[in-house]
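J.: Below: sequence and its predicted model.
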Amino acid sequence: MRDVAIVSFAQAPNVRCETERNEVEMLMPVVAEALAASGIARGEIGFTVSGSCDYIAGQPFAFVSGIDAVGPWPPINESHVEMDGAFALYEAWLKIQSGEVDSALVYAFGKSSMGDIAEVLTLQLDPYTVAPLWPDAVSLAALQARVALDRSRVTERAMAEVAARSRRSAKANPNAQLRGDFDVDALLAEPYLVAPLRKHDCPPVTDGAAAVVLAAGELASRSCARPAWIRGIDHRIECHSLGARDLARSASTEIAGEKAGAFTGSFDVAELHAPFTHQELILCSALRMAPSVSVNPSGGALAANAVMVTGLIRLGEAAARIHAGDARRVLAHATSGPCLQQNLVCVMEA
Amino acid sequence: MAERCAVIGVGQTKHDAKRIDVSMPGLVREAALRALADAGLGFADIDAVVIGKAPDMFEGVMMPELFLADALGCSGKPMLRVHTAGSVGGSTAIVAASLVQAGVHDRVLTVAYEKQSESNAMWALTVRIPFQQAVVAGAGGYFAPLIRAYIRRSGAPDDTGVRTALKDRTNALANPYAHLVFPGITFEQVASSPMLWDPIRYLETCPSSDGACAMVLASEKAAARAPGRPAWIHATAMKSEPTMFAGRDQVNPRAGRDCAAELYRKAGITNPRRDFDVAEIYVPFSWFEAMWMENLGFAAPNEGWKMVCEGATAMDGDMPVNCSGGVLSSNPIGASGMLRFAEAALQVRGQAGEHQIDGARRALGHAYGGGSQFFSMWVVASERP
């Protein structure tokens, strides 16, 4: 395996509704910032790959205009996944591992404000047997939370503590959308939104964009004072049928964590893609997270959740801790699908 | 350096206007099980799955790979979903190959599909969003002006497109999986079929199909244990350019030329017309055969039509193109690119059946998408690279 590192990361400010700029306009400064920070010229990038979803934009071929943000002329080596940008980063990592290229630009964009995101996500479900019942994303998460409350050590208080901690941490993140100090008892006194979830257990609706530059070996060392070297990266999907899964645990995260090397050594920071509070608790359990690990110092998905971008931001935020010299070994996680169906785990070191 | 990668299993569905006998999971399983059987493997032997399709709005399911994971035996495994417009079938195979070439996995199942009968593709392609001009023309309306520009530029005779359509429709008679089959089709039938988008006639147009294609890609170690002959991947390439800008040559796009140049450099091809025994290229409207012959370097600029008119691209010509009947005969959009890649692999494995080119040793698979700005290609051969 080649040594590959995240050498730069940039993101747009996460906002409730970006009314002034379209996706390309949101991406352009982000891509420019990530490239400038890497010192790798636009024309020198070996491979470009993006993550986005047509159903977020409400139009087919949403990625087509997206590539205008990178100025693909002369023509570039380019690909796209209809997934979170974290999975695009995995494809870029593969391309570099195959020896074909030494660097890659990965970007993701999504304006969740374009529709009712909780209802749009219903269209991810089995179209024959589940989607016609029209369970929205919050209701499905509530089902999962109920299972977790009944079958594991997850409590409503622990969930509220996740919400309070995430939004407190987000105060130090200038790009976060939802931040502030919240009293756990006051949160627990709030009514249910969809029982057992309260409003604080749910993510905000967010518009966002992010970009990451990957480089191999010497080039990575030249591009960044402290590259975040990828020591392991793996992703796994599990059964789609909610009734066939144990929703209180994340089996696919356990496998991906094992393959990525998450169970050896300790971590300074973990950035987990958990849009709902109970999901962070399920993920911490699946990844056997020690109490000493700083989980989601950025505020995580509970502070900003631009669907299709949130996972890539987790990888970028975790890498940025290494770039800044604040961490030596970090874990990043991204998820896709209803109730944590698909999960990616990445271990990075200084 | 990259690990060697080979195609050890190929499968496709019977393509049809409406496969009402199968669900989406049933459709992808039909192709996947055939590819696995060809490779002598079961789902349990597969390390990862890479799936591709064109816009989700064609079936109205957002990120359908999530619900198809079970049907493809993917639980507990890695799954990636690729979408690069019409070129997606090709790019999906290339991403799957990179899993092997990177040394991460030994056996990867790759699948591409479209079940177009679930919706109206013309509608799905023309959803109007704010502040953007809707095309409201479908693919034929988009590409017809490019073909007219090609005719003006090259002086190609009017019947060039009819000749390609007749050839591909005749070839399709030897392909049991083809969607459109017109036994005894004649030049006059094609030439007198209704004009849809001038100069594209009804019988010069691809259908809208339900169908899927699958391949098993393997490392050198795994290929050594495969029961059949492998098709070795000698090179892959992908290129994209912007959809629109002043001065963009949409008839002979630079992304296609650059993609072919990179592919040939990697595969050591200096004279494509001599070095390839057969090619499967993405021709959704008849005239694109002549146009892509130039874009791919088989013919000099403005001379691609001569290959068509001389019969060079026919089964018995010196450069057979689309022996399977091509996209003109079966077009499940997301799978159409992978079908080109898979048919190229079948040829060099000697498994193309009635449409086999005897002794084919090296083949080109080609796909394009969008407004001719996305390209993906591969070279497969019977010999190891």
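T.: Arrived safely.
J.: Contacts for stretch A:16-25 next, please.
T.: The set of residues external to stretch A:16-25 that reach it, using Cβ atoms under 8 Å, 6 or more residues apart in numbering or on different chains, is A:12, A:26, A:52, A:57, A:62, A:65-66, A:68-69, A:109-111, A:113, A:177, A:204-207, A:209, B:131. Placement of C-beta: from N, CA and C, glycine included.
J.: one more time with 7 Å
T.: A:26, A:57, A:65-66, A:68-69, A:109, A:111, A:113, A:177, A:204-207, A:209 (Cβ atoms under 7 Å, 6 or more residues apart in numbering or on different chains).
J.: ok, now stretch B:306-318?
T.: B:157, B:160, B:163-164, B:167, B:171, B:289-290, B:293, B:298-299, B:319-321, B:323.
J.: now, the most widely separated pair of these?
T.: Farthest-apart pair in the contacts of stretch B:306-318 is B:157 and B:323; separation 23.8 Å (Cβ to Cβ).
J.: ChimeraX command to pick out the buried ones of the contacts of stretch B:306-318?
T.: Applying 16 or more other Cβ atoms under 10 Å in any protein chain shown to the contacts of stretch B:306-318 leaves a buried subset, and the ChimeraX line that selects it is:
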select /B:160,163,164,167,171,289,290,293,298,299,319,320,321,323
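J.: Of the contacts of stretch B:306-318, which belong to strands?
T.: The strands, defined by DSSP state E, take in nothing from the contacts of stretch B:306-318.
J.: can you list the weak-confidence ranges in the stretch 51-200 of chain B?
T.: The model of the stretch 51-200 of chain B has pLDDT under 70 over residues B:123-137.
J.: As a check, name the ranges of all helices in the stretch 101-250 of chain A.
T.: A:117-120, A:137-151, A:156-169, A:184-188, A:217-223 (DSSP state H, counting those that start in this stretch).
J.: Ok, the stretch 251-350 of chain A next?
T.: Using DSSP H, counting those that start in this stretch, helices in the stretch 251-350 of chain A cover A:251-260, A:277-286, A:310-323.
J.: hang on, the earlier thing: tell me which of the helices of the stretch 101-250 of chain A sits nearest to chain B.
T.: For these, proximity to chain B was assessed by Cβ to the nearest Cβ; helix A:117-120 is nearest, at 7.0 Å.
J.: Return the residues of the stretch 1-150 of chain B in contact with chain A.
T.: Proximity of the stretch 1-150 of chain B to chain A, by Cβ under 7 Å from any Cβ of the partner chain, involves residues B:1-2, B:23, B:55-57, B:60-63, B:66-67, B:69-70, B:74-85, B:91, B:95, B:98-99, B:101-104, B:124-125, B:127, B:129.
J.: show me where the stretch 1-150 of chain A has strands.
T.: A:4-11, A:47-51, A:78-81, A:103-111 (DSSP state E, counting those that start in this stretch).
J.: Any figure for the gap between the residue nearest in space to the middle of chain A and chain B?
T.: By Cα atoms, centre = their mean, the mean C-alpha position of chain A lies nearest to residue A:311, the distance being 1.2 Å. Going from residue A:311 to chain B by Cβ to the nearest Cβ, to the nearest Å gives 13 Å.
J.: what do you get for residue A:176?
T.: Taken as Cβ to the nearest Cβ, the span from residue A:176 to chain B is 26 Å.
J.: For that residue, give me its contacts.
T.: Residue A:176 neighbours (Cβ under 7 Å, 6+ apart): A:14, A:170, A:298-299, A:303-304.
J.: Nearest residue to residue B:105 in space, ignoring adjacent ones along the chain?
T.: residue B:47 (3.8 Å; Cβ to Cβ, 6 or more residues apart in numbering or on different chains).
J.: burial measure for the one you found, as a count.
T.: 17 (other Cβ atoms under 10 Å in any protein chain shown).
J.: Can you list phi and psi of it for me?
T.: Taking degrees, to the nearest 10, you get phi -90, psi -30 for the backbone angles of residue B:47.
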